[in-house]
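Colleague: give me coordinates for this.
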Amino acid sequence: MDESQNSGPRRFWGSALVLKSLVVLGIALVTGTIAYTFGTHNAGVSVLSGSAYSVPDQIGAQSGGVAYAVPLDVSWLGPHGDWHSGSRPSCLPPTGEIEHVKFGVVPFTFQGGPQFVVVWVSCAG
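Modeller: The predicted structure is shown next:
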């Protein structure tokens, strides 16, 4: 049997495998590009550590020289890893004492300037 007759099916399956590999690679590159673009333009939550001061009517936090207002009903992670919302964080009672906390902020633009909103506080040690 002539070898040129046998090379046809092998060449077909070899080129089909290359074509499938190129399609998968193309999809991976497009997906990676989209993920990178959304990740850099939508930064999401930044996790900060700092000092917090809590009195009956307000909670404030400070990190890196920047002050943040903390909503009284912010979502918070309890000391045992359970999430709470709609209440004051247990690690920030209205005593006026300064506590060290970890908290998450989300950036947004208001009246042309950057602002931040605290979206969670961790009381988990």
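Colleague: low-confidence regions, this structure specifically.
Modeller: 1-14, 16-17, 21-43 (pLDDT under 70).
Colleague: pretty sure residue 53 sits against residue 93.
Modeller: No - Residue 53 is not in contact with residue 93 according to CB atoms under 8 Å; the separation is 11.5 Å. Just so you know, the C-beta spots here come from the backbone N, C-alpha and C atoms, and that holds for glycine as well.
Colleague: looking at these two, which is more packed in?
Modeller: residue 53 (17 against 13; other CB atoms under 10 Å).
Colleague: how close does the more buried one sit to residue 69?
Modeller: 11 Å (CB to CB, to the nearest Å).
Colleague: quickly list what's touching both of these two.
Modeller: Counting by CB atoms under 8 Å, 6 or more residues apart in numbering, the common neighbours of residue 53 and residue 69 are 59-60.
Colleague: give me the buried positions along the longest strand along the chain.
Modeller: When the chain is parsed with DSSP state E, its longest strand is strand 98-110. The neighbour-count check on strand 98-110 (16 or more other CB atoms under 10 Å) flags 99, 101-105 as buried.
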